[in-house]
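*Asks:* Pasted the sequence and its predicted model underneath.
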Amino acid sequence: QVQLVESGGGLVQAGGSLRLSCAASGRTFGNYAMAWFRQAPGKEREFVARISWSGGNTYYSDFVKGRFTISRDNAKNTLYLQMNSLKPEDTAVYYCARHQIGGGLGSTLPSVYNYWGHGTQVTVSS
């Protein structure tokens with residue numbers, strides 16, 4: 001059974017930075033593409049960023065491109081999301097997720113990720 005545990009969320013002022021981490025259990029972390037999603041109150045879960053199994057390919061949603069960076073350390077079974085120039089509209093619960101199929105680049109669709117963390121709250125004050 002795979003477990004994903006997010007950490008690093010908190011309260012930050014607009015313009016500030018946070019670094020989220022997602023620690024994965026098991027030996028197969030490096031075989032799967034990973035992604036970050038977020039969900040704000042009253043809104044649907046939305047795609048933030050995804051990274052291929054090797055870390056060599058990344059993709060971002062338009063609203064975080066240039067501000068957020070997704071990365072991974074397969075030796076440490078950990079996924080990261082560096083968030084800079086935060087805005088109040090970035091306030092949400094952030095989730096990491098593992099793709100259901102090994103290899104590949106990942107996807108923007110939440111339906112193809114079959115393991116999810118419980119989320120970490122990010123609050124950006126104006």
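*Replies:* Ah, there it is.
*Asks:* okay, CA-based contacts and neighbour counts for the rest of this
*Replies:* Will do.
*Asks:* biggest strand in this structure, by residue count?
*Replies:* The strand that spans the most residues within the chain, counting by DSSP state E, is strand 92-102.
*Asks:* Give me the helices and strands touching that one, please.
*Replies:* For strand 92-102, the contact count by 3 or more CA pairs under 8 Å, 6 or more residues apart in numbering; DSSP states H and E identifies strand 4-7, strand 32-39, strand 113-116, strand 120-125 as packing neighbours.
*Asks:* list the buried ones in the first one?
*Replies:* Just to be clear, that refers to strand 4-7. Going by neighbour count (16 or more other CA atoms under 10 Å), the buried part of strand 4-7 is 4-7.
*Asks:* Can you name every helix or strand that it contacts?
*Replies:* For strand 4-7, the packing partners by 3+ CA pairs under 8 Å, 6+ apart are strand 18-24, strand 92-102.
*Asks:* now swap in the third one and tell me
*Replies:* Of the remaining helices and strands, those touching strand 113-116 by 3+ CA pairs under 8 Å, 6+ apart are strand 92-102.
*Asks:* now the strand it packs on against strand 120-125, angle please.
*Replies:* Counting by axes from the mean of the first three to the mean of the last three CA atoms, to 10 degrees, strand 92-102 points 140 degrees away from the direction of strand 120-125.
*Asks:* what's the residue closest to the geometric middle of this protein?
*Replies:* W36 (2.3 Å; CA atoms, centre = their mean).
*Asks:* For it, give the beta-bridge partners.
*Replies:* Judged by DSSP bridges, the bridge partners of W36 are A49, C96.
*Asks:* That one is in contact with C96, isn't it?
*Replies:* Yes. Counting by CA atoms under 8 Å, W36 does reach C96; the two are 4.5 Å apart.
*Asks:* Between those two, which contacts overlap?
*Replies:* When CA atoms under 8 Å, 6 or more residues apart in numbering defines a contact, no residue borders W36 and C96 alike.
*Asks:* In three-state terms, label S111 for me.
*Replies:* Classification of S111 using DSSP: H, G, I helix; E, B strand; the rest coil returns helix.
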